[in-house]
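*Asks:* Structure for the following, please:
(one chain, ligands or ions: 1)
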Amino acid sequence: MNKRLQNVRKLLEEENLDALIINGRANTIYNSGFTGSSSVLLIGLEKAWLVVDFRYTIQAKEQVFEGIEVVEQQESFYKTINALIDDNSIESIGFEGNVLTFSEYQKMKISLTKAKNFVNLEGSIDKLRIIKGDDEIEIIQQAVLLGDKIFDHIIKFIKPGMKETDVSAEIEYMMKKLGAKGPSFETIVAAGYRSAMCHGTATDNVIKTGDAVVLDFGLIYRNYCSDMTRTIFIGEPNKELTKIYGIVRKAQEAALSGIVSGMKASDADKIARDIITEAGYGEAFGHSLGHGVGVEIHEEPRLSAKSEDILTDGMVFSIEPGIYVEDLGGVRIEDMVVLVDGKPRNFTTSIKDMIII
Ligand SMILES: [Mn+2]
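*Replies:* Modelled structure (predicted):
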């Protein structure tokens, strides 16, 4: 039987629930295979249904995993679901509290007159995705390789005088050209003083000689996200930026070689943070070391100082330390890895030697 449905049912049993309602896109894709933008997935202990409207019936039938029945909504999603839960004696239902808006939650409660009990399962549904299977790892590897190809192209394409948006447009054009669905988040091209903004999405800022340029982009390929960052230089960079680049690279490579399965995610963060702090830039590394990547660009585990996650074989995450100095610029280097046989295996192959255009 479908392994993902099995895992949901295990969670239902642990929580003493009869069914789970999934509204969010990420958990719908993961648990049903359906990629449309509107649906309700109802997973009971023995049966599962994907309720869609007329627009999606054909697509849903084509996409859903074995063991899920496609039901076209009559009148409304919730009227149809109410009939299903009545027919199948479903009384206690789990839902995604982190996905439903307040008004959607109220609507669900009012509409599902046959249900007696609603339990917020936020987080525990997402956690079902934390360990990747071989099939997922294979797709993620392909997604990351497309990112590497785009980076190779961009370092030949980028020239002083271009706007950041000229570069982001080329990156996103290449994504589609190479068979990806599109970007997994808004593409970051941050040049000069803007490279000190961790999330400096591309603007009309003109790239000029002396600039550091942070290129942080990801794509969606067969429902999975990629994520990578490289920082390149237009002409000879100033001394401090060169020094910062060396520190970030050292911290990133130390995390890559020091992380082991069984380690606390907070200790992984510490490997890179200690190096940056010792070099005097602790305050300038104001974000976490990394994050899980899968059907969502940011998912479990979280590699931060506060994280309680334990890194385990099969987890896929980014390793991306950075240093950002206002009015000077910033450097970030990001790879994506999977933990295999106790160690990170790097998906990303783009070089980390300083690239000076
Ligand atoms: Mn990232």
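
*Asks:* only C-alpha atoms for contact and neighbour calcs from this point on.
*Replies:* Noted.

*Asks:* Now residue 338: closest residue in space that isn't a chain neighbour?
*Replies:* Leaving out its chain neighbours, the residue that sits closest to residue 338 by CA to CA, 6 or more residues apart in numbering is residue 316, at 4.3 Å.

*Asks:* quick one: the one you found and residue 237, what's the gap?
*Replies:* The gap separating residue 316 from residue 237 is 33 Å, by CA to CA, to the nearest Å.

*Asks:* same check, this time on residue 92
*Replies:* Distance of residue 92 to residue 237, computed by CA to CA: 61 Å.

*Asks:* These two: who's more crowded?
*Replies:* Set side by side, residue 92 and residue 237 show more neighbours around residue 92, with 19 against 16, by other CA atoms under 10 Å.

*Asks:* Check what pLDDT the more buried one gets.
*Replies:* The model reports residue 92 with a pLDDT of 98.

*Asks:* Over to residue 271?
*Replies:* pLDDT, read off for residue 271, is 98.

*Asks:* does it count as helix, strand or coil?
*Replies:* Look at residue 271: counting by DSSP: H, G, I helix; E, B strand; the rest coil, its state is helix.

*Asks:* Just give the number of residues close to it.
*Replies:* Neighbourhood size, residue 271 [other CA under 10 Å]: 20.

*Asks:* if I pick the spatially closest residue to it that is not a sequence neighbour, what's in contact with it?
*Replies:* The shortest distance from residue 271 to any non-neighbouring residue, by CA to CA, 6+ apart, is to residue 255 (5.7 Å). Counting by CA atoms under 8 Å, 6 or more residues apart in numbering, residue 255 touches 268, 269, 271, 272, 319.

*Asks:* Then residue 187?
*Replies:* Shown in contact with residue 187 (CA under 8 Å, 6+ apart): 168, 172, 201, 202, 215, 216, 217, 218.

*Asks:* How much space separates the second one from residue 56?
*Replies:* Counting by CA to CA, the separation of residue 172 from residue 56 is 27 Å.

*Asks:* Would you mind measuring from residue 193 to residue 328?
*Replies:* For residue 193, the distance to residue 328 equals 6 Å [CA to CA].

*Asks:* There's contact between residue 122 and residue 98 in this structure, I believe.
*Replies:* Yes - here residue 122 reaches residue 98: they are 5.6 Å apart, a contact under CA atoms under 8 Å.

*Asks:* Report the distance from stretch 236-256 to the chain centre.
*Replies:* Put simply, stretch 236-256 sits 25 Å off its chain's centre (CA atoms, centre = their mean, to the nearest Å).

*Asks:* ok, and for that stretch, which residues are buried?
*Replies:* 237, 241, 244-253, 255-256 (16 or more other CA atoms under 10 Å).

*Asks:* try stretch 181-200
*Replies:* Neighbour-count burial for stretch 181-200, counted by 16+ other CA under 10 Å, picks out 181-198, 200.

*Asks:* Could you list which of the buried residues of stretch 236-256 belong to helices?
*Replies:* Among those, the residues falling in helices (DSSP state H) are 241, 244-253, 255-256.

*Asks:* Can you lay out those residues as a markdown table showing pLDDT and distance to residue 293?
*Replies:* Below are these laid out as a markdown table (pLDDT from 0 to 100; distance: CA to CA, whole Å):
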| residue | pLDDT | distance to residue 293 |
| --- | --- | --- |
| 241 | 97 | 29 |
| 244 | 98 | 27 |
| 245 | 98 | 25 |
| 246 | 98 | 26 |
| 247 | 98 | 25 |
| 248 | 98 | 21 |
| 249 | 98 | 21 |
| 250 | 98 | 23 |
| 251 | 98 | 21 |
| 252 | 98 | 17 |
| 253 | 98 | 19 |
| 255 | 98 | 17 |
| 256 | 98 | 16 |
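
*Asks:* just the residues you listed now: which is nearest residue 70?
*Replies:* Closest approach between those and residue 70, by CA to CA: residue 256, at 43.7 Å.

*Asks:* and the nearest residue to that closest one once chain neighbours are set aside, bridged to which residues?
*Replies:* Leaving aside its sequence neighbours, residue 256 sits nearest to residue 344 (CA to CA, 6+ apart; 6.6 Å). Beta bridges link residue 344 to residue 339, judged by DSSP bridges.
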